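*Asks:* Here is a sequence with its predicted model. Questions after.
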Amino acid sequence: MILIRKDLSEKVIRGRTENALKCKFNGGTLPIGYIIDEEQHFQIDPLTAPFVLDVFKKYDKGATMKELRDWLNENGIRNKLGKPLNFNSIQHMLSNRRYIGEYKYRDITVPDGIPAIVPEDLFDRVQEKLAQNRKAPARHKAEYDYLLTTDYDQKREWLKEGTARLAKEFPTLKFALEYKPKEPRNFSFHARMSDTILAAKETECPNVGVTIDTGHGFVAGENVAEAVVLAKRAGDLLFHMHFNDNHGAWDDDMIVGSVHSTVYVDLIYWLKKTGYAGWLSMDQYPYRENAVDAIAESIEWVRRFEAIVDDHFDEIDRLVKLNDAVATSRFMRKALFG
């Protein structure tokens, strides 16, 4: 049976190789803009090819992939399954060398093997722009080490543009910017809640908000409960919560509550007070502990903190207004230890 399958596979490959040498269609997804004739050769589709050419021209003049996707969909251009085009469809179209007439199958490449839709000089300009856009996020990292080496204003502008572009390309998704003061570099542009609120609001995209990682907040010297209030006041920008713990010097991803018990009661009180209804995620990396047990312990701590707040919400509310440190300390001691 194995020999028969191997022989059949070799015959299929041999047949497709012979087709490739004649620049015939070998199956797979047919690019928009082409049709296949009776002899299995590529021919230009007079209905869709002009749209392909216009996509290249528009991108060359500065159109975004979202604009191109929307324009094609509005004009009724669909993929071969009859579905609307997405971001990946446009990206693949703009980088497909078949549009300059290049036929390729496995290690066989035939220049001018099929009719070209796009002039080669236009195709080359588009590839340069694609390469520039791909490099931009990696080249303009949102972090740095040395002073007098970074244009803070320009890099924040690039960060804003990149974030906004993604958010506009995928408007049904939420993008939650997670801040962290450092690591792996010494400085980060999303270092604290205030930095990150500004970054989110500058995009002018309603689907861009903030994630609070409690450990990152501790390292930044923040009061994470107050950070919740800042996000609320900025326009309900808190999209997600990550829970862990540390001693404030490094992002150690320790078990929740192992260091900051009172802080977590304060945090959960303000999450409930501000109407946060999102996820509470355990973001930990147990280096030495059993991972499952460590996460389970964190969950139990969070449940305990939630129970304290739920059972004593009115009392906590009164303590906050009372502003009496001794009374608050007495409450926390009894709530945690009986």
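*Replies:* Ah, there it is.
*Asks:* Domain map for the chain?
*Replies:* 17-131, 154-337 (automatic domain parsing).
*Asks:* how about the helices in the stretch 1-150 of the chain?
*Replies:* 2-21, 49-60, 65-74, 87-95, 120-139 (DSSP state H, counting those that start in this stretch).
*Asks:* Please name whichever of those helices is nearest to residue 243.
*Replies:* In terms of Cβ to Cβ, the element of those nearest to residue 243 is helix 120-139, at 28.3 Å. For every residue, glycine as well, the C-beta is placed using N, CA and C.
*Asks:* Show me the contact partners of that closest one.
*Replies:* 56, 57, 59, 60, 91, 94, 95, 97, 99, 100, 158, 162 (Cβ atoms under 8 Å, 6 or more residues apart in numbering).
*Asks:* got the buried residues for it?
*Replies:* For helix 120-139, the neighbour count (16 or more other Cβ atoms under 10 Å) marks 122, 123, 126 as buried.
*Asks:* circling back: same list, the helices of the stretch 1-150 of the chain, but as TSV with mean pLDDT and distance to residue 213 please.
*Replies:* Conversion of the helices of the stretch 1-150 of the chain to TSV gives the following (pLDDT from 0 to 100; distance: least, Cβ to Cβ, whole Å):
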stretch	mean pLDDT	distance to residue 213
helix 2-21	66	50
helix 49-60	96	37
helix 65-74	91	29
helix 87-95	89	28
helix 120-139	80	21
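*Asks:* and the ones you listed as CSV, adding distance to residue 39?
*Replies:* Below are these laid out as CSV (distance: least, Cβ to Cβ, whole Å):
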stretch, distance to residue 39
helix 2-21, 11
helix 49-60, 19
helix 65-74, 29
helix 87-95, 25
helix 120-139, 26
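*Asks:* nearest to residue 296, of those helices?
*Replies:* Nearest of the helices of the stretch 1-150 of the chain (Cβ to Cβ): helix 120-139, 36.6 Å.
*Asks:* most neighbours per residue, which of the domains of the chain?
*Replies:* domain 154-337 (a mean of 17; mean count of other Cβ atoms under 10 Å).
*Asks:* still on that earlier bit, check the buried residues of helix 120-139 against residue 24 and report the nearest one.
*Replies:* Using Cβ to Cβ, the buried residues of helix 120-139 come closest to residue 24 at residue 123, 23.1 Å.
*Asks:* Output the contacting helices and strands for the helix or strand residue 265 falls within.
*Replies:* Using DSSP states H and E, residue 265 sits in helix 261-273. Contact here means 3 or more Cβ pairs under 8 Å, 6 or more residues apart in numbering; DSSP states H and E; on that basis helix 261-273 packs against helix 214-219, helix 224-233, helix 291-311, helix 313-322, helix 325-337.
*Asks:* Let's see that with 7 Å instead.
*Replies:* Here helix 261-273 touches helix 224-233, helix 291-311, helix 325-337, going by 3 or more Cβ pairs under 7 Å, 6 or more residues apart in numbering; DSSP states H and E.
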